[in-house]
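K.L.:
Compute the structure for the input listed below.
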Amino acid sequence: MRYGRPTPAEKIDKKALWSAGWNPQVLIEELFERLEECYVIALVTKASHPKEHIINKAVVPIQATGLFEAAMEKWHALAPTDQAWLGVKEHFGSAFDV
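P.N.:
Numbers count the residues shown, from 1 in each chain. Presented below is the predicted three-dimensional model:
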């Protein structure tokens, strides 16, 4: 990245990372770290990625595995104000550890 502006290749790489799914054989913390890295780069480069976007980018691939049905039901029962990024990490991180 030069002067806060990503090159075209860096943009493609980050978009692929941002959109990649999650393999439940990999620690869930790695998903969270990857998404946080992409989010920080988006903030630095002033890309449009609201906080809700990073939450969805974590919840959707977790849900797609079908492995955390009870945790997913509890998540969707939470009030929208309680569905924050740190809540995603705590909620699904603890479900992954069980």
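K.L.:
buried sites along stretch 11-23?
P.N.:
Along stretch 11-23, these residues count as buried under the neighbour rule (16 or more other C-beta atoms under 10 Å): 14, 18, 22. The way it works is simple: take the backbone N, C-alpha and C, and place the C-beta from them, glycine included.
K.L.:
Can you tell me the centre-most residue of this protein?
P.N.:
Taking C-alpha atoms, centre = their mean, the centroid of the chain lies closest to residue 58, which sits 3.3 Å from it.
K.L.:
Which helix or which strand is home to that residue?
P.N.:
helix 51-65 (DSSP states H and E).
K.L.:
Which of the helices and strands in this protein ranks last by mean pLDDT?
P.N.:
Within the chain, no helix or strand scores below helix 8-19, which has a mean of 80 by mean pLDDT, DSSP states H and E.
K.L.:
I'd like to know which elements that one is packed against.
P.N.:
Using 3 or more C-beta pairs under 8 Å, 6 or more residues apart in numbering; DSSP states H and E as the contact criterion, the elements in contact with helix 8-19 are helix 28-44.
K.L.:
ok, back up a step: and the residue nearest to the centre of the chain, how close does it get to residue 96?
P.N.:
Distance check for residue 58 against residue 96: by C-beta to C-beta, to the nearest Å, it reads 12 Å.
K.L.:
How about the residue nearest to the centre of the chain, nearest residue that isn't a chain neighbour?
P.N.:
Computed as C-beta to C-beta, 6 or more residues apart in numbering, the closest residue to residue 58 that is not its neighbour in sequence is residue 88, at 5.0 Å.
K.L.:
what separates the helix or strand harbouring that neighbour from the chain centre, distance-wise?
P.N.:
Using DSSP H and E, the element containing residue 88 is helix 85-97. Put simply, helix 85-97 sits 11 Å off its chain's centre (C-alpha atoms, centre = their mean, to the nearest Å).
K.L.:
hmm, who's touching that helix?
P.N.:
24, 27-29, 32, 51, 54-55, 58-59, 62, 68, 70-71, 74-75, 78 (C-beta atoms under 8 Å, 6 or more residues apart in numbering).
K.L.:
which stretches of the protein aren't confidently modelled?
P.N.:
By pLDDT under 70, the low-scoring segments of the chain are 1-4, 47-49, 98.
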